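**Q** Structure for the following, please:
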Amino acid sequence: MMNFLVKTIANAGALAVAVWLLSDITLTGDSTGKEIGTLLLVALIFGLVNFLVKPVVKLLSLPLLILTLGLFTLVVNALMLMLTSWLADQLDLSFHVEGFWTAVLGGLIISVVSWALNVVLPDGD
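**A** Residues are numbered from 1 along each chain as shown. Purely as a prediction, here's the structure:
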């Protein structure tokens, strides 16, 4: 349970950095508390998408991953971010990613920041 919580917080931090750096990834709210709550819910959705959907997509795209020497992972990460944006829209959360190339850059930023935060934050196991 602690590991799940740490990973969700790391995802929230990574999403916050992407929102801060890219103007086409938006997160709005009436107050700072509401923005933080939305960010945590979006991080939870993002974690579930990466846990449930991403392995299936990576398996189905294995030939492309091999052919591009793993660079297709950037496209998979972008698709997971766009799916998170769509799900957040369906749940009336104020998180939106505008366009595929923004999602590619956002996915790259989120991957790097998430990795760095997971190195720094303690492991719950």
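
**Q** Which stretches in the protein count as helices?
**A** 2-21, 32-52, 54-60, 62-67, 72-90, 100-120 (DSSP state H).

**Q** Adding mean pLDDT and mean neighbour count, write the ones you listed out as CSV.
**A** C-beta coordinates here come from the backbone N, C-alpha and C atoms, glycine included. As requested, those are exported to CSV (pLDDT from 0 to 100; neighbours: other C-beta atoms under 10 Å):
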stretch, mean pLDDT, mean neighbour count
helix 2-21, 89, 18
helix 32-52, 93, 16
helix 54-60, 94, 12
helix 62-67, 94, 12
helix 72-90, 95, 19
helix 100-120, 91, 18
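
**Q** ok, Leu15 - contacts?
**A** Leu27, Leu39, Val42, Ala43, Phe46, Ile110 (C-beta atoms under 8 Å, 6 or more residues apart in numbering).

**Q** same check, this time on Ala78
**A** Residues Phe100, Ala103, Val104, Gly106, Gly107 are the ones in contact with Ala78 under the rule C-beta under 8 Å, 6+ apart.
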